[in-house]
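>>> I would like to see how this sequence folds:
(chains A, B, C and D, ligands or ions: 4)
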Amino acid sequence: MVIPRSLSTRVLEVEAIGRLIAALQEDGRTVIAPTLRDGAITLDVIDSFADLPVGLTAEMAPGRYQLVPDPEGRLFGATVGPASAKRWQRPPEVVVWSGRKDGGMVARVPDRSESQLAYVGLRGCDLAARRVLDRAVGARPSDAFIVAVECTRPGSTCFCVSMGTGPGVSEGADVVITEIVEPAHVLVTRALTPRGATLLARLGGAPPKGAEEDAAWAQVAAAARAMSGGIDPDAAAAALRMPSADGWDDVAARCLACGNCTMVCPTCFCTTTVDHTTPDGLEATRVRLWDSCFSLGFTELHGKPVRASIGSRYRQWMSHKLSWWWDQFGSSGCVGCGRCIVWCPVGIDIRQEAAAAVERVGVHAK
Amino acid sequence: MKPTLAVFKFASCDGCQLSILDAEDHLLAIAAAVDIAEFPEATTRSEPGPYTVGLVEGSVTTPHDALRIREIRDQCQILVTIGACATSGGIQALRNAADVAEFAAQVYPNPEYLDVLATSTAISDHVQVDYALYGCPVSVDQLVDFITALLAGRRPSVPDYSVCIECKRRGSTCVLVAPGMPCLGPVTRAGCGAICPAFGRGCYGCFGPSSRPNVASLAVAWEAAGATREDLAEALRAFTVGAPEFMEAARAL
Amino acid sequence: MRSETRRIGVEYISRVEGEGSLRVLVRDGKVQECEFGIFEPPRFFEAFMRGRKFTEAPDITARICGICPVAYQMSSVQAMEAACGVTVDPAVDELRTLLYCGEWIESHVLHMYLLHAPDFLGYESGIALAADHPEEVGRGLRLKQTGNALVAALGGREIHPVGIRVGGFHRVPTRRELEPLIPRFEQAREDALATVDFVASLPIPEAERDDEYVALSDDDHYAIHHGRIRSTRGMDIAVDEWNDYFVEEHVARSTSLHSHIRERGLYQVGPMARFNLSEELLRPVALEAAHRVGLSAPCTNPFRSIVVRAVETLHAVDLALEILERYQRPPRPYVPVPPVAGVGHGASEAPRGLLYHRYEIDADGRVLHAQIVPPTAQNQGSIEADLLHLVERNLELTDADLQHLLEQSIRNYDPCISCSVHFLRLEVDRG
Amino acid sequence: MVPVAEVAVATREVIGFHRETEDTVTLTIEDREARGFLPGQFFMLSPFGIGESAISISGDPGRPGAIEHTIRSVGMVTAALSSLRPGDRVGARGPYGVGWPMEAATGGDLVVVAGGIGLAPLRSVVRQVIGARHRFRRVAVLIGARAPSELLFQQEIHEWRGRFDLDVHVTVDSADASWMGPIDVVTRLIPRMDVDPAKSVAMVCGPEVMMRFAAADLERLGISSDRIYVSMERNMQCAVGVCGHCQMGPFFICKDGPVLPYSRIAPYMGVRET
Ligand SMILES: Cc1cc2nc3c(=O)[nH]c(=O)nc-3n(C[C@H](O)[C@H](O)[C@H](O)COP(=O)(O)OP(=O)(O)OC[C@H]3O[C@@H](n4cnc5c(N)ncnc54)[C@H](O)[C@@H]3O)c2cc1C
Ligand code: SF4
Ligand code: SF4
Ligand code: SF4
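Ligands and ions are numbered 1, 2, ... in the order given. As a prediction, the model looks like this:
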């Protein structure tokens, strides 16, 4: 892992996060960070340090999420939760335009809804996802301020290493934090951009001692080594480029076609537009909503869905993520965050399904 | 000429037609755009048909109502069922699997006065229906949007996907995964705005089945959440018990 | 007077919730028959509640009535909690009061502005009224919307809210979620005050008829969902004594079930009953407004019930505002309620009056028996008594005017016919 | 950068109306910006408050200031579009998509195969060909319709048939005795084409099954699949590849198509539910 020399590295005490949040707010930004909300640690708007889920982490497994105490009292103990930055990057419901019948149709999509935001606590996979999503929808990167956190304790559903997106962070953020508890509970922090460096300078802190910096490196590296399995991106891309319509019955029997995987995925971008009018018919609004390729009506053509069977919808989703995305946008559509695995109510695991698809092609080839 | 609107009631709680009056912001604008020719809950005015649009609330439970719905169908250019009672028979369709005489004897001292059918059935079991709005009750927003769509000549957008999509748009944490509560969201039609998970409970299916619900697989998730297959079957046999997808799925569990 | 037979029949009484009919037969100046019939088809709630889980009662019984679902939810959860011997946390209980205020507001305002006021002013509907009185109806809609917003904030939606559960709420809102309601309720208080003046200015017919008024009554609160059952004629019983005092039976001149107080006869429930029993416990702003427009207990003119509704609306708005202002999120949304075999009773004041539930459950929490007595069932006898009283005193009116008066009189009770859990179908002369 | 789909929809004036058949009309819409277009491209048309539909350009690419669309009324949006008359306004954005390979076809033979409303986007091709006839060698136009009454652009086809430099054939699926032409599916005409397969480009538009049969026949004739072009149809909402609806394998039909070489799309057309 090659990480460019950062602009500056400081060691901050844990409480410095409070000052960091305040400083971002002083700059007029709304801060989005992991917080406890209805039984999960998830990204949301926070007011202050007190909203961080200190001492709480989560255990995740396919279709399973459980809050557990973190005896070491970390700020960023839990890896990614159900919400991703997509919620702000490409919000679930947007008025595309509105207008009057006698006038024009006025665009409403804000130039960039994110510019006044600051994210604290995005992970390597999240940063990759932001790039991938921007690329897919043809958007310029926003100037949201990003404080990333490197993962030292990935969950069992994480597979960023196989997708090349984490757990270390080397780009896509202004500031990167590695939270360590040994030899002391501190935040080893570096800036990747000039404005990140400016912010860090405002927070004070000390230059790192060797032990702290080493611990940070070592723990991230250990996390990477410990992460098993995942997806072989090349094999999956090849296997799914021309997927057979057969072989999907098994996953189809389990898949609810509920769309949760696509909703929580930080890169899935499918939307549907609907028009609304006032009762007098004089004013109209067009709204864009998150939708999913799992919706039956999504491919409706001449009154019938093109992809009617659940198997064909799952095949579409996975082939798009892991294979066709390369053709379309030059990368994988999956960044290995594992959200779709955790938040699938029946725990369908894209890693296993991808392996099965690769296997099927292998069998065919023989 | 303004299109005429008529609202009819069958066996129901009145909640769905009340939703029209609950559209406070839009009520007067709608009343200005259509001619409300018949709507006993709201007006003494009662004009004879034919009507452009008839909204029907409630299920058919009496021999008289089975005839009345035919007359109404004849009078309405576009017939729309509003709510779970009208679209699937409502909770009162729980009687369909029971002995109605025994039910009646339970509740009424003189059941012989009752003139009721053994079943509570959806309007579409009796006449052809042009559009259906789901929910117990229908969503006010959907109802308003539906009426404005008809007025504008737009295809009404009635989702057929699962509550999960709305649940995630809303930003709720999945209750089936996180605390591990039974939730019917994955097999229930969206439209309510995914209220239940947002209010800390599993969806109880009041919008009826989504398109091609995979109940058999949901049973596995319910078991993981500590509920039994019987619990799931019982949950399906509730507000939209008459919906064939739910009825059959419950039987198969 | 010439010998003549007058028949007044209204097949379908409008601007009431549900399906009702009216039949009056006058022969030679004497009222022969006077029936307020309900032909809402039966839906057998009490029957299909049997065998269901006790936790389902609030969601299922809410479906009895879309106009006052909260009342059904509240009476049923209280009955279940009583059966299992559980008391909810006071903070959560107060949140229930808040939710109930929302229902009182939206239901009362709906009735006053959209269903009843048009009668007094000679309009066919609230919508027609709005054409000439846009300011008043606009105010009513705004007020109703505020009531609805409160129910939706606590329960997700106005009709059949999903928040309530046995033991408390599924989830309690954060203070931040409720705060935006405060300015709306400040506005609502102004609107509710103006509503009292508006309805008091309506031309109200004289029709005093004393009755026995029954309501929940509490020593220190204008009772909504707590208290004993008391009457203006001295009854004072606990909720679980209901069946010892109240009976539902057939009366000769009607085919529908009427409620009676054992060995005493007819009684009525509703806003006038509450007001007559607990006037002094109204919020000061509401009491003052009542007195300002000349309303004080005992009020025995059913046509003045609309004024009482306005006063109660103001009370509910003011109470809700206070609860909202001091709201802190309760530490836990509900107390666990393990099922206990037994019987539980619950009563609360639906907007249209006392609503009683009784359940018998087994040790697994399955419902063995359910009994639900909705307010409109209890009022049916009084409604007919009013009709008789009015017909006898107004025989000189033309049929059309008499019919209008009678229909209006039925609407005094805001009858929610869909909650006729166990009304019988009335044989209606459709000739 | 705001994705193109999300730019304000311009409202434009309808300046011409012509009824083609009972359910199909041709609208002419003013285009002052005159950005120009290629045959095969399409616009997203929005009747106010009703929705939006992808509609091909059916007119003459050489005609400045106006764009023609031929619309078959099959649902609410197309019904609303069909009810527009000169003077009405309609929301329009476009042109979008990859059009027919006019350059690749230049200098060789051209086979045009159209079924039903599929003739709309190919009419632009024929018009462009007529406008620069010398740039093409033999040009064959095969047109199929369900019935004579459903045949689009009848007057114009009559004129095409009158030209010596176009080989125009019209066939219908069924007809009564008054129909003088062949009764057959349009693909049956393909084997009889007198073209030089090695130097031919084929352009096909119609229902998906018809396109597959046509392509197979064209291949049999000797035209290689990378010189056969089809215009695909999928559910389309944004038209710029950001809504996800029109995906078919690796393609966004809206921006990688709708016109695609058969060689590239055929593998996906062959897989159930793609
Ligand atoms: C690239 C392209 C070019 C087209 N060119 C023409 C043309 O020149 N003339 C013409 O008449 N038609 C054309 N169509 C087809 C036209 O877009 C559909 O017939 C139209 O969108 C149907 O909408 P509707 O509301 O009238 O029908 P409805 O049946 O009411 O609705 C159909 C629903 O299906 C969905 N839908 C989206 N796209 C399509 C689609 N392409 N076909 C069917 N359903 C769709 C939408 O959700 C829509 O609401 C073209 C389609 C594409 C993709
Ligand atoms: S496909 Fe699954 S693991 Fe991959 S980025 Fe999306 S949610 Fe994360
Ligand atoms: S809570 Fe229910 S509705 Fe929401 S995502 Fe989970 S399963 Fe779906
Ligand atoms: S979440 Fe389910 S039960 Fe709850 S309101 Fe929506 S459809 Fe009804």
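>>> from here on, just use CA atoms for contacts and neighbour counts.
Fine.
>>> helix, strand or coil for C:Gln408?
Three-state assignment for C:Gln408 (DSSP: H, G, I helix; E, B strand; the rest coil): helix.
>>> low pLDDT regions in the chain?
No chain in the question, so chain A it is. By pLDDT under 70, the weakly predicted segments of chain A are A:1-7, A:103-113, A:363-366.
>>> actually it's chain D I care about, not the one you picked
For chain D (pLDDT under 70), the answer is D:1-8.
>>> test my guess that B:Phe103 contacts C:Ala47.
Yes - in this structure, B:Phe103 is within contact of C:Ala47 by C-alpha atoms under 8 Å, at 5.4 Å.
>>> where in the stretch 151-253 of chain B is pLDDT low?
In the stretch 151-253 of chain B (pLDDT under 70), no residue qualifies.
>>> between B:Phe103 and C:Ala47, which one's more packed in?
More crowded of B:Phe103 and C:Ala47, by other C-alpha atoms under 10 Å in any protein chain shown: C:Ala47, with 22 against 18.
>>> OK, now which residue of the stretch 151-253 of chain B is nearest to ligand 1?
The stretch 151-253 of chain B approaches ligand 1 most closely through B:Arg155 (6.0 Å), counting by C-alpha to the nearest ligand atom.
>>> with adjacent residues omitted, what lies nearest to that residue?
Ranked by C-alpha to C-alpha, 6 or more residues apart in numbering or on different chains and with sequence neighbours excluded, the top spatial neighbour of B:Arg155 is D:Met76, at 5.8 Å.
>>> ok, now which ones touch residue 169?
Unless you meant another one, I'm taking chain A. By C-alpha atoms under 8 Å, 6 or more residues apart in numbering or on different chains, A:Val169 lies in contact with A:Ile3, A:Arg123, A:Gly124, A:Ala148, A:Val149, A:Glu150, A:Val176.
>>> wait, chain D was what I had in mind.
So D:His169 contacts D:Ala140, D:Val141, D:Leu142, D:Ile143, D:Leu189 (C-alpha under 8 Å, 6+ apart).
>>> closest to A:Ser98 among those residues?
For those, the closest approach to A:Ser98 (C-alpha to C-alpha) belongs to D:Ile143, at 41.3 Å.
>>> am I right that that closest one sits in a strand?
Yes - counting by three-state DSSP, D:Ile143 is part of a strand.
>>> partners of it in the sheet?
Per DSSP bridges, the residues bridged to D:Ile143 are D:Ala114, D:Val170.
>>> that one reaches D:Leu119, doesn't it?
Yes - D:Ile143 is within contact range of D:Leu119, at 7.3 Å (criterion: C-alpha under 8 Å).
>>> re earlier: neighbour-wise, give me the winner out of the contacts of D:His169.
Neighbour tally across the contacts of D:His169 (other C-alpha under 10 Å): the maximum, 26 neighbours, falls on D:Ile143.
>>> picking that back up, contacting residues for the residue nearest to B:Arg155?
B:Gly153, B:Arg154, B:Arg155, D:Ile50.
>>> and the closest residue to the second one other than its chain neighbours, how far from A:Glu283?
Put plainly, it is B:Arg154. Nearest non-adjacent residue to B:Arg154, counting by C-alpha to C-alpha, 6+ apart: D:Ile50, 4.6 Å away. Between D:Ile50 and A:Glu283 the computed distance is 11 Å (C-alpha to C-alpha, to the nearest Å).
>>> look at the two and report which has more neighbours.
Counted by other C-alpha under 10 Å, D:Ile50 and A:Glu283 do not tie: D:Ile50 has more neighbours, with 27 against 18.
>>> who touches that one in this structure?
By C-alpha under 8 Å, 6+ apart, the contact set of D:Ile50 is A:Asp275, B:Ala149, B:Ala152, B:Gly153, B:Arg154, B:Arg155, D:Met76, D:Val77, D:Ala80.
>>> keep the residues you listed, but drop any that are not near ligand 3.
Among the contacts of D:Ile50, no residue sits close to ligand 3 (C-alpha under 6 Å from any ligand atom).
>>> can you redo these as JSON lines with distance to A:Trp324?
Formatted as JSON lines, those follow (distance: C-alpha to C-alpha, whole Å):
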{"residue": "A:Asp275", "distance to A:Trp324": "30"}
{"residue": "B:Ala149", "distance to A:Trp324": "37"}
{"residue": "B:Ala152", "distance to A:Trp324": "39"}
{"residue": "B:Gly153", "distance to A:Trp324": "38"}
{"residue": "B:Arg154", "distance to A:Trp324": "34"}
{"residue": "B:Arg155", "distance to A:Trp324": "33"}
{"residue": "D:Met76", "distance to A:Trp324": "33"}
{"residue": "D:Val77", "distance to A:Trp324": "31"}
{"residue": "D:Ala80", "distance to A:Trp324": "36"}
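>>> now, which of the residues you listed sits nearest ligand 2?
Of those, the one sitting nearest to ligand 2 (C-alpha to the nearest ligand atom) turns out to be A:Asp275, at 28.8 Å.
>>> looking at this, the closest one is in a strand?
Yes - counting by three-state DSSP, A:Asp275 is found in a strand.
>>> dump the contacts of D:Met76 into CSV; add secondary structure as well.
Shown next, in CSV, are the contacts of D:Met76 (three-state DSSP):
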residue, secondary structure
B:Gly153, coil
B:Arg154, coil
B:Arg155, coil
D:Ile50, coil
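>>> got the contact list for the helix or strand harbouring D:Gly91?
In this assignment (DSSP states H and E), D:Gly91 forms part of strand D:89-96. Residues from elsewhere that reach strand D:89-96, judged by C-alpha under 8 Å, 6+ apart: A:105, D:9-14, D:37, D:41-48, D:239-240, D:254-255.
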